[in-house]
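1. Sequence below, structure please.
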Amino acid sequence: MKKESGINFFEKFLTVWVILCMIGGILIGRYLPQIPTALGRLEYANISMPIAILIWLIIYPMMIKIDFKSIVNATKNLKGLTITTSINWLIKPFTMYALAVLFLKVIFSDLIPSELADEYVTGAVLLGAAPCTAMVFVWSKLTKGNAAYTLVQVAVNDLILLVAFVPIVGLLLGISNVTVPYATLFLSIVLFVVTPLIAAGITRKFVIAHRGLDYLENTFIKKFDKSTMTGLLLTLIIIFSFQGDKLINNPLNIALIAIPLTIQTFLIFVIAYIWAKKWGMPHEVASPAAMIGASNFFELAVAVAISLFGIDSGVTLATVVGLLVEVPVMLILVKISNSTRKHFKSQPTIV
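-> This is a model prediction of the structure:
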């Protein structure tokens, strides 16, 4: 029987492993709280260093695959960059706010107290105003997205994030004293984009110089095949070990918060994906363009929520639910993207 091209057994059932790791993390936080307590001490600027290391290990192998000359070519494709920047900064924050208000303050008004609903809306807005930085590399890989183009998309969004996050959050929530932990923001960009990019570039140059391009692509890179998914699953275990009690003690509210967040994720993906299709983008560009908008920079959202409103606030809970929803939903979108690849241009526009 012929194997599925491009996806192994582990990736094929990734949804199952993700759910098991999320449950495992919650159980660890509930019954072995000394573990997250110890890991929680290894933190700087609201970023867990163990999680940072795991995310770095996720991204680094993918960046080794990038021919860095192709980054220059990727910047020439303005249509793809127009889609991702427009979706992330002119559409996504506002649809998130609208959906959160509609569901949490109107439709669910009899189930959620007004003051708590305001906190949940705030958390949703923090998620909506922060497009994905790290995990989008995983979604791009799973959909065979163009690695160089994904990197350019992330870099452009990170630059915009530096100046647009505070004004957008302030505009939507009427908060004039939003204080973003810029140490968290800059450290995240350095850890999750700049450092692995430099390390991968040095590695690629060294291996090609000593062993050749063929060895790099067919032997060296394959040594890291399992690191991306393993890093993702271990990251989920750690994150959910920190938030286990919150998730167990608020089942109804978590379900209610998850509804607008889930709708938002699908909505943004569909808008960007169809837009890219209408503009004639190849699938390797269209898929990561849609994925980066659909997913969120949850590290930043959680850090801002904790620093502004406290770890036990409804705002923080909403950002954690964002992560709870994101991974399973993004895996569904990965399947949708892969199953619809045939409807896009077959020839790549980036070389």
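
2. Does I112 fall in a helix, a strand, or a coil region?
-> What DSSP: H, G, I helix; E, B strand; the rest coil gives for I112 is coil.

3. Distance of L32 relative to P93?
-> Distance, L32 to P93, by Cβ to Cβ, to the nearest Å: 38 Å. Every C-beta, even on glycine, is put in place using the N, C-alpha and C of the backbone.

4. Next: F344.
-> F344 is 27 Å from P93, by Cβ to Cβ.

5. quick one, which of the two is more surrounded?
-> Per other Cβ atoms under 10 Å, whichever of F344 and P93 has more neighbours is P93, with 24 against 18.

6. which residues touch the more buried one?
-> P93 is in contact with 125, 128-129, 168, 172, counting by Cβ atoms under 8 Å, 6 or more residues apart in numbering.

7. Buried only: go through those residues for me.
-> Listed as buried from those are 125, 128-129, 168, 172; burial here means 16 or more other Cβ atoms under 10 Å.

8. between those, which is nearest V207?
-> A129 (39.2 Å; Cβ to Cβ).

9. these two touch, right, the closest one and G170?
-> No. With contact defined as Cβ atoms under 8 Å, A129 does not reach G170; the gap is 9.8 Å.

10. shared neighbours, those two?
-> Taking Cβ under 8 Å, 6+ apart as the contact rule, A129 and G170 have no neighbour in common.

11. how about the nearest residue to L236, chain neighbours excluded?
-> C21 (4.5 Å; Cβ to Cβ, 6 or more residues apart in numbering).

12. need the contact list for that neighbour.
-> Counting by Cβ under 8 Å, 6+ apart, C21 makes contact with 233-234, 236-237, 240.

13. now I168: how far from A124?
-> With Cβ to Cβ as the criterion, I168 and A124 are 13 Å apart.

14. For F108, which residues are in contact?
-> 117, 256.

15. let's go with 10 Å and repeat that
-> F108 makes contacts with 102, 117, 120, 252-253, 255-257, 259-260, as judged by Cβ atoms under 10 Å, 6 or more residues apart in numbering.

16. Quickly note the distance from it to M96.
-> For F108 relative to M96 (Cβ to Cβ), the value is 16 Å.

17. I274 touches A289, doesn't it?
-> No. Applying Cβ atoms under 10 Å, one finds I274 not in contact with A289, separated by 11.2 Å.

18. what about the two, which has more around it?
-> Neighbour totals were compared for I274 and A289, and A289 leads with 33 against 12 (other Cβ under 10 Å).

19. residue boundaries of the helices in the stretch 251-351 of the chain?
-> Using DSSP state H, counting those that start in this stretch, the helices found in the stretch 251-351 of the chain span residues 251-278, 283-294, 298-309, 314-339.

20. how about CSV for those helices, with mean pLDDT added?
-> Formatted as CSV, the helices of the stretch 251-351 of the chain follow (pLDDT from 0 to 100):
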stretch, mean pLDDT
helix 251-278, 93
helix 283-294, 89
helix 298-309, 72
helix 314-339, 87
